[in-house]
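Chemist: Got a predicted structure plus its sequence, pasted below:
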Amino acid sequence: MNDIANLHRPPALDAIERDAAAIGSSMAAEARTGALLQTLAASKPGGAMLELGTGVGVSTSWILAGMDESATLLTVDNNQPCIEIARRHLGHDRRVAFKLEDGAAFLAQMQGRKFDLIFADTWPGKFDHLDQALALLRAGGIYLVDDLLPQPNWPPGHAPKVPLLIDQIEHEPCLVLCKFAWSSGLLVAVRRPGDTHL
């Protein structure tokens with residue numbers, strides 16, 4: 001089995017990657033992670049998706065490629081040049097809404113909302129404010145984080161936070177989880193139905 005063959009790349013991905021290279025952006029989801037995002041989004045017909053860390057829209061494009069026509073995606077980032085690339089190539093899709101905002105402030109505003117899929121690809125909602133992110137997860141909802149295996153483009157301070165994050169999620173009783181030493185290093189967690197711990 002070849003896990004990088006026939007991944008059905010989203011149509012906008014080539015243009016997004018060209019624009020990202022032009023501004024020197026290197027923090028984008030690996031293709032296998034993208035394919036997993038596409039698959040998980042497809043498992044939530046009519047679902048509400050949340051992406052924490054739009055970046056240039058690479059992962060956004062994969063999520064949109066898996067969503068059905070009645071699903072929605074809310075994506076947030078505090079980097080204007082990056083999010084403008086995402087808007088340029090994906091903003092025509094009525095299913096997606098972009099927010100240019102600090103992630104921690106955004107999570108505070110979202111309390112009370114529920115999402116079927118949360119992809120946490122920035123520090124707020126991942127390495128900090130994790131409880132606030134998990135509180136947004138609907139019963140049966142999926143929480144996904146990547147970049148848990150060492151990467152050459154990790155920013156300072158990333159490495160020591162990884163084992164702390166994994167330990168915290170492993171000990172969260174409302175979650176069932178699976179870890180993958182694959183792609184950039186992934187953790188997929190699902191909120192147990194009926195659990196009100198968070």
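Modeler: Right, received. Where do you want to start? Numbering: from 1, shown residues only.

Chemist: How about residue 3, nearest residue that isn't a chain neighbour?
Modeler: Leaving aside its sequence neighbours, residue 3 sits nearest to residue 32 (CB to CB, 6 or more residues apart in numbering; 5.9 Å). Where C-beta positions appear, they are placed from N, C-alpha and C, glycine not excepted.

Chemist: Was I right to think that neighbour contacts residue 146?
Modeler: No - assessed by CB atoms under 8 Å, residue 32 is found out of contact with residue 146, at 9.8 Å.

Chemist: quick one: the strands in the protein?
Modeler: Along the chain, counting by DSSP state E, strands occupy 48-52, 72-77, 96-100, 115-120, 137-145, 175-180, 186-191.

Chemist: any idea how far the residue nearest to residue 23 when sequence neighbours are not counted lies from residue 193?
Modeler: Closest residue to residue 23 apart from its sequence neighbours, by CB to CB, 6+ apart: residue 81 at 5.7 Å. Here the criterion is CB to CB, to the nearest Å. By it, residue 81 lies 41 Å from residue 193.

Chemist: how close does the residue nearest to residue 70 when sequence neighbours are not counted sit to residue 36?
Modeler: Excluding the flanking residues, the one nearest residue 70 by CB to CB, 6+ apart is residue 46, at 4.3 Å. Per CB to CB, residue 46 is found 20 Å from residue 36.
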